[in-house]
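Undergrad: Any chance you can model this:
(chains A, B, C and D)
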There are 2 protein chains.
Amino acid sequence: MLQPAEIDTSETLTERQQAVLDAALRLLVEEGDNLTMTAVARRASCSKETLYKWFGDRDGLLNATVQWQASKVRVASVDRERLDIGSLTASLERFASDWLKVISSDTSIALNRVAVSHAGSGKDDLGAIVLQNGRFALAKRLKPVLEAGRQAGLLDFEDAETAFRTFFGLVGRDVQIRLLLGDRVELTGATIGGDAARATQHFLALFGAKTGS
Amino acid sequence: MLQPAEIDTSETLTERQQAVLDAALRLLVEEGDNLTMTAVARRASCSKETLYKWFGDRDGLLNATVQWQASKVRVASVDRERLDIGSLTASLERFASDWLKVISSDTSIALNRVAVSHAGSGKDDLGAIVLQNGRFALAKRLKPVLEAGRQAGLLDFEDAETAFRTFFGLVGRDVQIRLLLGDRVELTGATIGGDAARATQHFLALFGAKTGS
DNA sequence: GCCGAACCGTAACGTACGGTACGCATCTGC
DNA sequence: GCAGATGCGTACCGTACGTTACGGTTCGGC
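TA: You can find the predicted model right below:
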């Protein structure tokens, strides 16, 4: 397991700096990892010198960009609600659907691509950051729901981690790797909804408490 | 979906050329995408001129390397056997275990990394090749088994593709993306066996024919 | 033994790009 | 208004690396 790679959201970024990072992010989505400092500078209408003063070097810029995007994705957790089978199902479907939307988004694909590339030659911990704000953040938000489901007698599992990973697999299946490898997977809103429902049903079939009288 | 990206295994590669590609592959595993032509030449004890004569340019070399590895992975299909629930379970577990071993291998990780990187800026179709010899090859080999299972009344599903993708998700879960992103996932032989068994059980729970009398 | 082809080792070339330096405009506090 | 700071635009430097060129060596055919 990688180290936590704590993200300090309030890294005291000025408005201008955020704008620059947004530009870098957009460029990253368009160009992939082969964006140049000059291109970023031009796109952000700033000088390269400023880039270097603010972010140190190229890797620093990439890091800041990824963290910046990560800090934006911070979503609110599902609030504790009256838990019955209906609301649990709805919650799970929502998680599944949200996750599918995320991993199929252009920016997620781009970010994961550069993180995967950089994970090869361990210059920085982009992989850790992406993982932390993707797969691990999802786990952290979903596990309480699973635990609550177990508490309420709706779910039955030994280990929340294992249950989560199974849910993760049922939802994602081959989608992420295919997208990362450039396959054009058809993922309209409708199919996402259907897939989320199917994954949830499967998950409940596997981990739903046996209500056998 | 990407085009088939047919692999012509017998691309008339001489012994020497294969040796060169093996060297390139080893280097790719060690160094990732940032291998240099000089490094390959040195490792393979050949001249750069030869490299260029044989493979055109850097991308050509990478392509040839990936295809070369792909051609080696061509595994025999499970032969038609007497199908009962026991042998079906064994087959599925074997597929799962093989697949986990593949995606956690150094060369698979390295190859997927470069393919993902290149998929960003569509210079070549490395992504298609890897996909074709990974996920799609697996489907092609597994689907007949699933169909046979249905024929034998052991499995119950509408669409073989959907069933396969669910199996794929149950087996792979978060393993591949975590490995690609540099997370050190613990995958000893024992855990692989356990995971394969668990995935198979889950799959059978979802798609096993209801033997309700 | 001789010729050409294939190939090795290495030197050389061109370029793209990361990183730095400098001139000028704009803004802020006084 | 003015001094200093901040930042834009751009020219510049150094280097890494893809690509090419070339001399020397081995080898098969005659």
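
Undergrad: for DNA strand C, what are the nearby residues on chain A?
TA: A:Asn34, A:Leu35, A:Thr36, A:Met37, A:Thr38, A:Ser47, A:Lys48, A:Glu49, A:Tyr52, A:Asp57, A:Arg58 (Cβ under 7 Å from any atom of the strand). Quick note: C-beta positions are derived from backbone N, CA and C, even for glycine.

Undergrad: how much space between the closest residue to the fourth one other than its chain neighbours and A:Asp59?
TA: Spatial nearest neighbour of A:Met37, chain neighbours left out: A:Lys48 (5.5 Å); criterion: Cβ to Cβ, 6 or more residues apart in numbering or on different chains. Using Cβ to Cβ, to the nearest Å, we find A:Lys48 at a distance of 15 Å from A:Asp59.

Undergrad: all helices in chain A, in order from the N-terminus.
TA: A:15-31, A:37-44, A:48-55, A:58-73, A:85-103, A:106-120, A:126-133, A:135-151, A:160-172, A:175-180, A:189-207 (DSSP state H).

Undergrad: can you put these in JSON lines and add mean pLDDT?
TA: Below are those laid out as JSON lines (pLDDT from 0 to 100):
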{"stretch": "helix A:15-31", "mean pLDDT": "91"}
{"stretch": "helix A:37-44", "mean pLDDT": "92"}
{"stretch": "helix A:48-55", "mean pLDDT": "91"}
{"stretch": "helix A:58-73", "mean pLDDT": "89"}
{"stretch": "helix A:85-103", "mean pLDDT": "94"}
{"stretch": "helix A:106-120", "mean pLDDT": "94"}
{"stretch": "helix A:126-133", "mean pLDDT": "93"}
{"stretch": "helix A:135-151", "mean pLDDT": "94"}
{"stretch": "helix A:160-172", "mean pLDDT": "98"}
{"stretch": "helix A:175-180", "mean pLDDT": "98"}
{"stretch": "helix A:189-207", "mean pLDDT": "96"}
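
Undergrad: between those, which gets nearest to B:Val171?
TA: Closest of the helices of chain A to B:Val171 is helix A:160-172, at 7.5 Å (criterion: Cβ to Cβ).

Undergrad: Residues touching the closest one, excluding its own?
TA: Residues outside helix A:160-172 that contact it (Cβ atoms under 8 Å, 6 or more residues apart in numbering or on different chains) are A:92, A:95-96, A:99-100, A:103, A:135, A:138-139, A:142-143, A:146-147, A:150, A:155, A:157, A:195-196, A:199, A:202-203, A:206-207, B:166, B:169-174, B:202.

Undergrad: What of stretch A:88-96?
TA: A:78, A:81, A:138, A:141-142, A:145, A:149, A:152, A:154-155, A:167, A:171, A:195-197, A:199-200, A:203-204.

Undergrad: Please repeat the previous calculation with a cut-off of 10 Å.
TA: A:78, A:81, A:83-84, A:138, A:141-142, A:145-146, A:148-149, A:152, A:154-155, A:167-168, A:170-172, A:192-193, A:195-201, A:203-204, A:208 (Cβ atoms under 10 Å, 6 or more residues apart in numbering or on different chains).

Undergrad: What residues sit buried inside it?
TA: A:Leu88, A:Thr89, A:Ser91, A:Leu92, A:Glu93, A:Phe95, A:Ala96 (16 or more other Cβ atoms under 10 Å in any protein chain shown).

Undergrad: Next one: the first one from chain B, what distance?
TA: What it means is A:Leu88. From A:Leu88 across to chain B, the span is 19 Å (Cβ to the nearest Cβ, to the nearest Å).

Undergrad: now the last one
TA: A:Ala96 sits 12 Å away from chain B, going by Cβ to the nearest Cβ.

Undergrad: ok, the closest residue to that residue other than its chain neighbours - contacts?
TA: Nearest non-adjacent residue to A:Ala96, counting by Cβ to Cβ, 6+ apart: A:Ala196, 3.7 Å away. The contact partners of A:Ala196, by Cβ under 10 Å, 6+ apart, come to A:Leu92, A:Glu93, A:Arg94, A:Phe95, A:Ala96, A:Ser97, A:Asp98, A:Trp99, A:Leu100, A:Lys101, A:Leu170, A:Val171.

Undergrad: nearest to A:Gly127, of those?
TA: A:Trp99 (18.7 Å).

Undergrad: ok, the closest one touching A:Thr200?
TA: No: when contacts are counted by Cβ atoms under 10 Å, A:Trp99 is not listed as touching A:Thr200 (11.6 Å).

Undergrad: DNA strand D: which of the helices of chain A is closest?
TA: DNA strand D sits nearest to helix A:48-55 of all these, at 3.4 Å, using Cβ to the nearest atom of the strand.

Undergrad: list the helices and strands that closest one packs on?
TA: Judged by 3 or more Cβ pairs under 10 Å, 6 or more residues apart in numbering or on different chains; DSSP states H and E, helix A:48-55 is in contact with helix A:15-31, helix A:37-44, helix A:58-73.

Undergrad: mind giving me a markdown table with those and columns for distance to DNA strand D?
TA: Formatted as a markdown table, these follow (distance: least, Cβ to the nearest atom of the strand, whole Å):
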| stretch | distance to DNA strand D |
| --- | --- |
| helix A:15-31 | 6 |
| helix A:37-44 | 6 |
| helix A:58-73 | 12 |
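
Undergrad: okay if I get these as CSV plus distance to A:Leu111?
TA: Shown next, in CSV, are the helices and strands packed on helix A:48-55 (distance: least, Cβ to Cβ, whole Å):
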stretch, distance to A:Leu111
helix A:15-31, 7
helix A:37-44, 16
helix A:58-73, 6
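
Undergrad: Dump those helices to CSV, plus mean neighbour count.
TA: Output for those, formatted as CSV (neighbours: other Cβ atoms under 10 Å in any protein chain shown):
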stretch, mean neighbour count
helix A:15-31, 18
helix A:37-44, 17
helix A:58-73, 19
